[in-house]
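Undergrad: Give me coordinates for this.
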Amino acid sequence: MNNHKMEEGSGESAVSAGGFSKISKTTKILILVLVVTIIALGTAMYFMSKRLDELKTNPQKVGQEELESTLEMVGKIMVLPVNEQPTLATVTDLAPLKDQPFFANAKIGDKVLLYTASRKAILYDPVANKIVEVAPINLE
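TA: I've put the predicted structure just below:
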């Protein structure tokens with residue numbers, strides 16, 4: 001009878017010891033996940049801050065990079081006018097554009113390439129990587 005009680009006692013201590021090790025392992029995993037998350041957020045914040053500083057100090061460079069990137073993508077889809085640097089605009093508000101047929105299928109974030117010498121406007125959706133509209137422009 002006493003032997004039976006001792007076995008129960010040792011069984012309980014084994015369960016208790018197992019419970020502590022599980023908590024300890026779980027805590028270690030949570031701490032590891034927390035540390036990795038903090039490092040990832042810190043790295044992201046650093047690069048975002050660096051890019052924001054670059055935008056503040058040299059907005060023309062950032063704008064030029066965006067133009068070059070857009071021209072590269074659109075140039076893969078259609079033939080672009082040569083020997084002409086277009087003006088790039090981004091659709092940020094659809095309300096003032098609603099009555100213009102060129103912008104009928106435009107969405108926020110779409111890009112507009114304006115070629116004044118070639119008298120051509122190109123509406124490009126960078127998310128879908130598609131030309132939405134091409135139209136002649138009248139500068140008179």
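Undergrad: Grab the nearest non-local neighbour of the residue most central in space within the chain.
TA: Centroid check for the chain by C-alpha atoms, centre = their mean gives Val127 as the closest residue, at 10.8 Å. Residue nearest to Val127 in three dimensions, not counting chain neighbours: Gly109, with 6.7 Å by C-beta to C-beta, 6 or more residues apart in numbering. For glycine as for every other residue, the C-beta is placed from the backbone atoms N, C-alpha and C.
Undergrad: Tell me if I'm right that Ala135 and Tyr115 touch.
TA: No. If you go by C-beta atoms under 8 Å, Ala135 and Tyr115 don't touch, sitting 11.2 Å apart.
Undergrad: helix, strand or coil for the nearest residue to Pro86 once chain neighbours are set aside?
TA: Excluding the flanking residues, the one nearest Pro86 by C-beta to C-beta, 6+ apart is Leu113, at 4.4 Å. Under DSSP: H, G, I helix; E, B strand; the rest coil, the three-state class of Leu113 is strand.
Undergrad: distance of Leu113 from Val74?
TA: 7 Å (C-beta to C-beta, to the nearest Å).
Undergrad: what residues do the two have in common as contacts?
TA: Common neighbours of Leu113 and Val74 (criterion: C-beta atoms under 8 Å, 6 or more residues apart in numbering): Leu80, Ile122, Tyr124.
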